[in-house]
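> I'll drop the sequence and a predicted model, then ask my questions.
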Amino acid sequence: MKKLLATVLAVSMMLALVVSANADTFTMGIDPEYNPFSYMGDDGEYTGFDVRICKAACELLGWDFQIFGVNWDQKEMQLDNNECDCVWSGMTIKQSMIDKGYVISAPYYNSEQVLVVKADSGIASSADLAGKYVAVQLGTSGEALLNEDLADWTATFGQLNTCENFLICFTELEGNSVDAVFVDLPVAKAYVKDHEGLAIIDEDFGAEEYGILFRNGDDAKCAAIEDAVAQLVANGTYAAIAADYPDIVDNLVFLQAD
Amino acid sequence: MSLTTMIVKMSEGLGKTCSIFFLTLLFALPLGLIVALLRMSKNKIVSGITRVCISILRGTPLMLQLLAVTYGPFYLFGVSVSRNKLIPVVIAFSINYAAYFAEIYRGGIESMPVGQYEAAEVLGYSKFQCFIRIILPQVIKRILPSITNEVVTLVKDTSMAFTVSYQEMFTIGKQIANSQTSFVPFIVAGVFYFVFNAVVDFVMGRIEKKLNYYK
């Protein structure tokens, strides 16, 4: 009986700990494989532009900073289920998110979709992709674009491979099982820089913006984060962190003001 | 997206799920028997190597094996990745399941009393004849429930092919779930798998009954 009581007490104390820890914890939802915005650094800790900005913002706000790796194609569901407090990971703002009532921060990054191909493939424009194999990451805005706005173009592909993460997309490209990868520009730049023989085809596939996704009704949290980020921009921390990511600096909204 | 569209879209992927399932069984069942015989070989080297292979295949996740078979040749030797993903997927599934089947066969074969071999020898059967005509039919009867177990697992494991972006039913389900932010495709997938397995269960039950000729 005593043992049972002790167990029950221990469990309830642990639960209490978990609950109380939630009070001023801010859990950032990221795609842990989205270099340069969020990825695992050489030391095994999550890092990246978004991660470092969020961490700095949480320090300013006095919040306990936590990271949660979301399943990118289920990020909205995971956010709704309180598994994280926001999704902040080079995430494209989609009309569908606004329609569903999510609170979304002001855009902080201007992005676009590009094609990555092998430099010697002879593919020079989107028109050359007829009958070719194209890879895209599941749950990205690129996938949505190909299946919705650009569906007519997608229909001319030989096949569209939806991959679990963009590393698989690029492995398929390098392994010749697809001819092109449709991906966000900063990710493409980061990958092409580290891998030889690849080229980026930059056409106008529709501009897009990155934002931070919060649950419906979390306006206060969103405002607090926006405010903290504004402070980081004002005191130069933002620019200092951005300087470590030269590929994305040009497209950061807050650094374009002047 | 309406429920009907969802079901139609996912049914399109069901064909690919079925091809993984049937091709894997086609290759893994005979391969498993060969592996089982190698495993029981009197040659210590042969049985030792087979034993290590089986323990690797059973001791590592199927997902890892899928990645290794699909992208391994490219990373190691620069060989192009296959455009038809069904090939690496079926290879990975077949060798993985052959390892499990092999151990089931072995259990079945070793459970046969020695007296049967001796009786067969006395009656003038060769070793090969004895195995094919006398031992194997009894083994199959005996191991069928265990095989059914694995076959049912195989149905559900086909969803793993998503790892290497093979567009089977569950992959399409995930795509719909993502674009619609809806849980319904997962329920549809669950129903699909359940019905598939109900059929498997029924068919295996019939086979078991048919083989039950001594009672």
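That came through fine.
> residues from chain A in reach of chain B?
Taking CB under 8 Å from any CB of the partner chain as the contact definition, chain A meets chain B at A:73-74, A:76-77, A:96, A:100, A:133, A:135, A:138-139, A:143-144, A:147, A:159, A:161-164, A:168, A:171-172, A:174-177. Placement of C-beta: from N, CA and C, glycine included.
> apply 7 Å and report the result again.
Taking CB under 7 Å from any CB of the partner chain as the contact definition, chain A meets chain B at A:73-74, A:76-77, A:100, A:133, A:138-139, A:144, A:147, A:161-164, A:168, A:171-172, A:175-177.
> can you give me the helices for the chain?
You didn't say which chain, so I picked chain A. Secondary structure of chain A (DSSP state H): helices located at A:2-22, A:49-61, A:75-80, A:95-99, A:141-147, A:151-154, A:166-174, A:185-194, A:219-234, A:237-242, A:246-249.
> that was the other one, I meant chain B.
Under DSSP H, chain B gives helices at B:3-39, B:44-59, B:62-77, B:86-110, B:114-122, B:127-129, B:136-157, B:169-180, B:184-211.
> the ones you listed: lowest mean pLDDT?
In terms of mean pLDDT, the lowest-scoring of those is helix B:169-180 (a mean of 83).
> what's it in contact with?
With contact meaning CB atoms under 7 Å, 6 or more residues apart in numbering or on different chains, helix B:169-180 is reached by A:73-74, A:138-139, A:144, A:147, A:162, B:1, B:6, B:9-10, B:13-14, B:17, B:159, B:162, B:183, B:185-186, B:188-189, B:192.
> give me the nearest residue to the closest residue to chain A within chain B, chain neighbours excluded.
Ranked by CB to the nearest CB, the top residue of chain B for proximity to chain A is B:Val81, at 3.2 Å. Spatially, and ignoring its direct neighbours in sequence, B:Val81 is nearest to A:Gly175 (3.2 Å; CB to CB, 6 or more residues apart in numbering or on different chains).
> A:Pro32 too?
A:Gly69 (4.1 Å).
> now do B:Phe101
Nearest one to B:Phe101, counting by CB to CB, 6+ apart, is B:Gly32 at 2.8 Å.
> okay, now the residue of the stretch 1-150 of chain A at minimum distance from chain B: neighbour count?
Closest to chain B within the stretch 1-150 of chain A is A:Asp73: 3.9 Å, counting by CB to the nearest CB. Neighbourhood size, A:Asp73 [other CB atoms under 10 Å in any protein chain shown]: 20.
> my read: it touches A:Leu138, true?
Yes: with contact defined as CB atoms under 7 Å, A:Asp73 and A:Leu138 form a contacting pair (4.7 Å).
> wouldn't A:Tyr133 be in contact with A:Gln159 here?
Yes: using CB under 7 Å as the test, A:Tyr133 is close enough to A:Gln159 to be in contact (4.9 Å).
> near chain A at all, stretch B:153-166?
Yes: remark: stretch B:153-166 sits within contact range of chain A at B:162-163, B:165, by CB under 7 Å from any CB.
> and those as CSV, adding neighbour count and pLDDT?
Shown next, in CSV, are those (neighbours: other CB atoms under 10 Å in any protein chain shown; pLDDT from 0 to 100):
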residue, neighbour count, pLDDT
B:Phe162, 23, 87
B:Thr163, 22, 87
B:Ser165, 25, 83
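> of these, which belong to strands?
Of the positions in these, not one sits in strands, assigned by DSSP state E.
> tally of neighbours for residue 111?
Just so you know, I chose chain A. 21.
> chain B, not that one
When neighbours are counted by other CB under 10 Å, B:Ser111 comes out with 11.
> now the buried members of the residues of chain A next to chain B.
A:73-74, A:76-77, A:133, A:138-139, A:144, A:161-164, A:168, A:171-172, A:175-177 (16 or more other CB atoms under 10 Å in any protein chain shown).
> chain A contacts on chain B?
Applying CB under 7 Å from any CB, we find that chain B lies next to chain A at B:71, B:74, B:80-83, B:162-163, B:165, B:167, B:171, B:174-175, B:178-179, B:181.
> now these: which count as buried?
Counted by 16+ other CB under 10 Å, the residues of chain B next to chain A give B:71, B:74, B:81-83, B:162-163, B:165, B:167, B:171, B:174-175, B:178-179 as buried.
> taking those residues together, which two end up most distant?
B:Phe74 and B:Ser179 (30.1 Å; CB to CB).
> quick one on the thing from earlier: hang on, the residue nearest to A:Pro32 packs against A:Ile30?
Yes: with contact defined as CB under 7 Å, A:Gly69 counts as touching A:Ile30 (6.1 Å).
> residue contacts, the closest residue to chain B within chain A?
Among all residues of chain A, A:Gly175 sits closest to chain B, at 3.2 Å; criterion: CB to the nearest CB. Going by CB under 7 Å, 6+ apart, A:Gly175 touches B:71, B:74, B:80-81.
> may I ask which two of those residues are separated the most?
B:Tyr71 and B:Ser80 (10.9 Å).
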